[in-house]
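**Student:** heads up, no residue letters with this:
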């Protein structure tokens, strides 16, 4: 694949040429100072229109600082991530970015630009509101969020804007920098632990969306089975359209019909899945881990000590965010920066929901064709992280 075309950042000279005015006029309009009042309104509008068309963003501070920087780093979120309390899933990410930015002597600027009418709840966030990259106010930016606009990531790569994504993300027409949790190794380690405890029928309940974290978890599941000498049964890779649909009846069907003794579950960013698990455990029709072992492939949202201590691995969220800031600053220090990808190990949390496989486990039968749970196809040969 040929590398994406990198576009030079537009300058005030480019704007002057495009608008048919002098560079001094552009400087006066862009600066917005008292002297700009002498510029005719028609000329001012022409300069601003040219700046927007070319994707120019004026600096908010003088470029006399070392390296020509504002010493401003941006944080852009593709959805609202501000927490209500310190247990929120995104809180450690935000804290890590803030702490490391301050430690490095930079200020942090939050971006939340959206499309559509201001103040509407349906407004969709966008980096390129009005066609211009609004992140250019900052020297570079850390990006965060699940509902990513891939076309905007591609545009950032093409124009060579320095950014780092928290989490592994890919685009078809380029390569970008990211800091991600090592889901592959963490999931493989959980499979290895279950295999050590005698489990051979391990069901993987994955997210419905085919995102990079989900693909990494599935790769770890398959790799863990292979390393334990267990053949992959595609009937044991499943997904639910709504995590709240996970019920005790479904679990009993998997135990009786598929002969599973353990269940690996990819958590959601809301409480639907963990609430369904708690409801199942409350029935006592299936005991964890006596009747079936269960482990989460990540942190349950808003977990507190009074909740069930599910066996799981924990994401190094604050560390990922701090590393993202460091990688971003490394990119800014390079004349011709190359994309960097960094994976950070997860932490195993033993919890209380896995145990030895029962010696007299059920005999599996083939799944019923009317089973509403969706089967997941083979992965697409994505390269290993």
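**Tutor:** Received it, and whenever you're ready, just let me know what you need. Predicted model, so just to flag it, every value in this text is computed and none were measured. Residues are numbered from 1 along each chain as shown.
**Student:** Residue 69 contacts residue 328, correct?
**Tutor:** No. In this structure residue 69 lies outside contact range of residue 328 using C-beta atoms under 8 Å: 11.8 Å. The C-beta positions use only the backbone N, C-alpha and C, and glycine is treated the same way.
**Student:** out of these two, which sits in the busier spot?
**Tutor:** residue 328 (30 against 17; other C-beta atoms under 10 Å).
**Student:** Which pLDDT value goes with that one?
**Tutor:** Model confidence at residue 328, given as pLDDT, is 97.
**Student:** With the one 4 residues further on instead?
**Tutor:** With respect to pLDDT, residue 332 scores 93.
**Student:** now swap in residue 15 and tell me
**Tutor:** Value listed for residue 15 in the pLDDT field: 88.
**Student:** I'd guess it is in a helix, am I close?
**Tutor:** Yes. Checked against DSSP: H, G, I helix; E, B strand; the rest coil, residue 15 lies within a helix.
**Student:** Around it, count how many other residues there are.
**Tutor:** By other C-beta under 10 Å, neighbour count at residue 15 equals 27.
**Student:** Kindly report the same for residue 356.
**Tutor:** By other C-beta under 10 Å, neighbour count at residue 356 equals 14.
**Student:** Helix or strand for it, just tell me which one.
**Tutor:** For residue 356, there is no helix or strand it lies in under DSSP states H and E.
**Student:** show me the contacts for it.
**Tutor:** Counting by C-beta atoms under 8 Å, 6 or more residues apart in numbering, residue 356 touches 197, 198.
**Student:** Check what pLDDT residue 305 gets.
**Tutor:** Looking at residue 305, its pLDDT reads 75.
**Student:** in a helix, that's where it is, yeah?
**Tutor:** No. Judged by three-state DSSP, residue 305 forms no part of a helix; its state is coil.
**Student:** Which residues belonging to stretch 293-313 are considered buried?
**Tutor:** 293-303, 308, 310-313 (16 or more other C-beta atoms under 10 Å).
**Student:** Now do the buried residues in stretch 206-218.
**Tutor:** 206, 207, 211, 212, 213, 214, 215, 216, 217, 218.
**Student:** among those, which are in helices?
**Tutor:** Among these, the residues falling in helices (DSSP state H) are 212, 213, 214, 215, 216, 217, 218.
**Student:** For the buried residues of stretch 206-218, give me TSV that also has pLDDT.
**Tutor:** Below are these laid out as TSV (pLDDT from 0 to 100):
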residue	pLDDT
206	93
207	88
211	91
212	94
213	94
214	95
215	95
216	97
217	97
218	97
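**Student:** right, and the pair among those with maximum separation?
**Tutor:** Maximum pairwise distance among the buried residues of stretch 206-218 (C-beta to C-beta): 12.7 Å, between 206 and 212.
**Student:** all strands of the stretch 201-350 of the chain, in order?
**Tutor:** 202-206, 237-239, 262-265, 293-296, 311-314, 341-344, 347-349 (DSSP state E, counting those that start in this stretch).
**Student:** Residue 39 is nearest to which of those?
**Tutor:** Residue 39 sits nearest to strand 341-344 of all the strands of the stretch 201-350 of the chain, at 46.1 Å, using C-beta to C-beta.
**Student:** May I have the strands that pair with the closest one, each with its orientation?
**Tutor:** Here strand 341-344 is paired, per DSSP bridges, with strand 177-181 (parallel).
**Student:** quick one: buried residues of the helix or strand following the strand it pairs with?
**Tutor:** The helix or strand immediately downstream of strand 177-181 is helix 183-196, counting by DSSP H and E. By 16+ other C-beta under 10 Å, the buried positions in helix 183-196 come out as 183, 184, 185, 186, 187, 188, 189, 190, 191, 193, 194, 195.
**Student:** Could you do stretch 247-258 as well?
**Tutor:** Those would be 248, 250, 251, 252, 253, 254, 255, 257, 258, for stretch 247-258 by 16+ other C-beta under 10 Å.
**Student:** Report pLDDT for the third one.
**Tutor:** If you check residue 251, the pLDDT there is 95.
**Student:** and it, what is it in contact with?
**Tutor:** Residue 251 neighbours (C-beta under 8 Å, 6+ apart): 263, 280, 286, 292.
**Student:** Which member of those residues is positioned nearest residue 56?
**Tutor:** Out of the contacts of residue 251, the member with the shortest distance to residue 56 (by C-beta to C-beta) is residue 263, at 53.4 Å.
**Student:** now the closest one: how far from residue 250?
**Tutor:** Residue 263 sits at a distance of 10 Å from residue 250 (criterion: C-beta to C-beta, to the nearest Å).
**Student:** Please apply the same query to residue 152.
**Tutor:** Plainly put, residue 152 is 38 Å away from residue 250 if you go by C-beta to C-beta.
**Student:** Nearest to residue 142, out of the strands of the stretch 201-350 of the chain?
**Tutor:** The closest of the strands of the stretch 201-350 of the chain to residue 142 is strand 341-344. By C-beta to C-beta, the value is 13.0 Å.
**Student:** contacting residues around residue 233?
**Tutor:** By C-beta under 8 Å, 6+ apart, the residues touching residue 233 are residue 201.
**Student:** This completes my enquiry, with thanks.
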